[in-house]
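In: Could you work out the structure for the sequence below:
(chains A, B, C and D)
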There are 2 protein chains.
Amino acid sequence: MQRRPTLADVAERAGVSRALVSIVMREAAGASEQTRERVKRAADDIGYRPDPRARRLRQLRTNLLGLTFAAGQEFHADLVDGVYVAAEALGYDVVLSAVTPHRDEVRAVRTLVDDRCEGLLLIGPAQRAGRLAELADRVPLVVLARRVRGVDAVRSDDVAGARLGVEHLLGLGHRRILFLDGGGAPGAVERLRGYRRAMQHAGQPELIRPGGLTEREGAAAASAIVASGEWPDAVFAFNDRCALGVMDVFIRSGIAVPQDVSVLGYDDSALAGLAHINLSTLRQDAAGLAAGAVQRLVGRLEGPADGRDERAADLVREPQLIARQTTAPPTR
Amino acid sequence: MQRRPTLADVAERAGVSRALVSIVMREAAGASEQTRERVKRAADDIGYRPDPRARRLRQLRTNLLGLTFAAGQEFHADLVDGVYVAAEALGYDVVLSAVTPHRDEVRAVRTLVDDRCEGLLLIGPAQRAGRLAELADRVPLVVLARRVRGVDAVRSDDVAGARLGVEHLLGLGHRRILFLDGGGAPGAVERLRGYRRAMQHAGQPELIRPGGLTEREGAAAASAIVASGEWPDAVFAFNDRCALGVMDVFIRSGIAVPQDVSVLGYDDSALAGLAHINLSTLRQDAAGLAAGAVQRLVGRLEGPADGRDERAADLVREPQLIARQTTAPPTR
DNA sequence: TTGTATGCGTTATCAC
DNA sequence: GTGATAACGCATACAA
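Out: Alright, predicted model coming up:
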């Protein structure tokens, strides 16, 4: 027998009906303990594993959650992990669909819809809000790590995070705090707003330069700072990668961190925690965000039928300040 | 009609049989051009998309390739992209299964087998060779980026890569070349061997220290070097991350790269190419490796029935030297 | 060229 | 508690 054993094979071997095997495999009610034992033995003996395709085909529901993510991005990976955990706890399976250089988001979403996922989770989607709203109109959808008008979203409170960061630096005694903006990246507007509000509230001047998302851009910004000859007390970078680029250029230029300038990142990526880097940063609660998104999506799926016209939710979670070695009181 | 349209709905709307719709949707022979047109129109009108589950259930083959990978790892992401591309070219779909902190490899593999994938692609699996051989015995399997005895594997030629690196440094005029070993990591044994062979061939003394896979370990190794007071001409690190740790400590210690010491990495990760880092390194051809693995796997699936006892293949591809700014002729 | 009938592996409904 | 039977959406052999 080259083909894989089916439920019918188990039934034959155990000498019971297929219906009973189904009941036993699903741990459903309606079978005696003795029968259960026999069926399980038979299933194990021939190495039977239920076919999810056939199961989902027969059931009205697929119990499938589709998830798009950018392969290779650390923060996305953390969210994927969290989604797996949260979905399993609620009895759902997860179908992954990666966004890569040769496979765009539209395509990633299409495969998930074709696979009959009941709901979609999109991590940091790049599509414009209008498209996402259209999509959300056709299939239950929750966006992760980005705010989209008219669509359910779960994300960090970037305004609060940036404010936390500024308050940390102010608390250390810094005054001239330079913010490196993230341009059009998700969360950039909010982080900038948080910075500005906190600085205004403290009565300090706003120092803002274009930063970016990568080490390269951070390095460029730092070079500009060095060239200007006028250093700030502290640099608050849009994210960790940008902060690393800044630190790299500073150190090569003989500017000590944190003695001469404090540097603060955002994301608490894996690099930030390394012993020789020890970057102070703000941590987003990936597991919490993932759980929140899954719960929201499942809530829509299992909620009251009249809830479909419910207004889109925008769930935010507070980031957490991780003070390491790159921020310290001014030494001057 | 809340439920999704089925093939039968299309048939009804187009006024033809379901078999004809099936023929048209599969682009199979046996339908007139006129009918094709009408069916396609009807399908588009009601937004019909075939159900892959039902399709695969009916067919003897699923045309599914299962792929495990570590979410968040850049090199894995490159391979995932390559697998998507190569699989599509051969008419296969890819099912992703991530290995994360809360989801181990065994589990990732199980879901793929349950989903009736015809063959499995494992990127850098952590299981010991014996387990993998057992698995390969039950399902067609190709391991990517690791060598496993008795199992099909596609990987870079790490011996050749290390040799290339050493020859590059020798060619620049360096003699005292220190190699930072990767311990038990995949490819570590081969890279060490390549280094030793090249050094022996050149009649130079072998300088070997324990390195590691991360910035942290690279930094530790560099600290030891600095403390010893005796610098080599060049440091050849097990991988880019290790090399970055080395450079970080060197620069902080006032040792200029490449003026005082050349540093060579391995992997050509995204960080290596950044303007302010510009790490010389060895590039693995991710797309080529992925394509090779997919071709090998599909070859097994579609190959002659008597080929199942074929000996396991070990396909290697040559890495490529990327000479950037961290390696240069000695200035002394 | 087109239509009919059957089965893929499972679950759900109904009898017994 | 247990078993027969239909149905999920689709593809295929075969008949028309």
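In: residue of the stretch 151-300 of chain A with the smallest distance to DNA strand D?
Out: A:Arg300 (21.1 Å; CB to the nearest atom of the strand). Every residue, glycine included, has its C-beta placed from N, CA and C.
In: now swap in the stretch 201-332 of chain A and tell me
Out: A:Leu301 (17.4 Å).
In: give me the element the residue of the stretch 151-300 of chain A closest to DNA strand D is part of.
Out: helix A:286-302 (DSSP states H and E).
In: ok, that helix near chain B or not?
Out: No - for helix A:286-302, no contact with chain B is found by CB under 8 Å from any CB of the partner chain; the gap never falls below 9.0 Å.
In: Show me what that helix is packed up against.
Out: The contact analysis (3 or more CB pairs under 8 Å, 6 or more residues apart in numbering or on different chains; DSSP states H and E) places helix A:286-302 against strand A:64-70, helix A:74-89, strand A:119-123, strand A:141-144, strand A:153-156, strand A:314-317.
In: The fifth one pairs with which strands, and in what direction?
Out: The pairing partners recorded for strand A:153-156 under DSSP bridges are strand A:141-144 (parallel), strand A:314-317 (parallel).
In: Out of those, the one nearest DNA strand C is which?
Out: Of these, nearest to DNA strand C by CB to the nearest atom of the strand is strand A:141-144, at 25.6 Å.
In: could you dump the closest one to CSV, C-alpha only?
Out: What follows is strand A:141-144 as a C-alpha-only set of coordinates in CSV (Å, rounded to 0.1, in the frame of the first residue of the first chain):
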residue,chain,number,x,y,z
LEU,A,141,-9.2,41.6,7.9
VAL,A,142,-7.0,42.9,10.7
VAL,A,143,-3.9,44.9,10.0
LEU,A,144,-0.9,44.5,12.3
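In: For it, give me every contacting residue.
Out: A:79, A:119-125, A:132, A:135, A:151-155, A:289-290, A:293, A:296-297, A:300 (CB atoms under 8 Å, 6 or more residues apart in numbering or on different chains).
In: what about the nearest residue to A:Asp248 once chain neighbours are set aside, how many neighbours?
Out: Spatial nearest neighbour of A:Asp248, excluding adjacent residues (CB to CB, 6 or more residues apart in numbering or on different chains): B:His276 at 5.5 Å. Neighbour count for B:His276, taken as other CB atoms under 10 Å in any protein chain shown: 17.
In: Then A:Gly161?
Out: For A:Gly161, using other CB under 10 Å, the count is 26.
In: Buried residues, stretch A:39-55. List them.
Out: A:39-40, A:42-43, A:48, A:50-55 (16 or more other CB atoms under 10 Å in any protein chain shown).
In: I'd like those residues as TSV, with distance to DNA strand D, secondary structure and pLDDT appended.
Out: Output for those, formatted as TSV (distance: CB to the nearest atom of the strand, whole Å; DSSP: H, G, I helix; E, B strand; the rest coil; pLDDT from 0 to 100):
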residue	distance to DNA strand D	secondary structure	pLDDT
A:Val39	9	helix	95
A:Lys40	13	helix	95
A:Ala42	12	helix	95
A:Ala43	14	helix	96
A:Tyr48	16	coil	96
A:Pro50	13	coil	95
A:Asp51	11	coil	95
A:Pro52	12	helix	95
A:Arg53	9	helix	94
A:Ala54	7	helix	94
A:Arg55	9	helix	94
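In: Between those, which sits nearest A:Pro210?
Out: A:Pro52 (48.9 Å; CB to CB).
In: from the stretch 201-332 of chain A, which residue is nearest to DNA strand C?
Out: A:Glu302 (15.2 Å).
In: Then chain A?
Out: A:Leu7 (2.8 Å).
In: how much space between that residue and A:Ser22?
Out: 6 Å (CB to CB, to the nearest Å).
In: Kindly report the same for A:Ala133.
Out: 41 Å.
In: Does A:Leu67 touch A:Val80 like I think?
Out: Yes - assessed by CB atoms under 8 Å, A:Leu67 is found in contact with A:Val80 at 6.7 Å.
In: Which neighbours do the two have in common?
Out: Counting by CB under 8 Å, 6+ apart, the residues touching both A:Leu67 and A:Val80 are A:96, A:123.
In: What ranges in the stretch 201-332 of chain A fall below the confidence cut-off?
Out: A:275, A:304-309, A:332 (pLDDT under 70).
In: That one: helices as residue ranges?
Out: Assignment of helices within the stretch 201-332 of chain A using DSSP state H, counting those that start in this stretch yields the ranges A:215-228, A:240-252, A:286-302.
In: which SSE is A:Arg56 in?
Out: Assigned by DSSP H and E, A:Arg56 falls in helix A:52-58.
In: Can you name every helix or strand that that helix contacts?
Out: Going by 3+ CB pairs under 8 Å, 6+ apart, helix A:52-58 lies up against helix B:52-58.
In: now check the helix or strand where A:Leu180 lies, is it near chain B?
Out: Per DSSP H and E: A:Leu180 is located in strand A:177-181. No - Strand A:177-181 is not in contact with chain B by CB under 8 Å from any CB; minimum separation 15.1 Å.
In: List of residues touching that strand?
Out: In contact with strand A:177-181 (CB under 8 Å, 6+ apart) are residues A:162, A:166, A:169-170, A:188, A:192, A:195, A:199, A:204, A:206-212, A:218, A:221, A:225, A:232-238, A:242, A:246.
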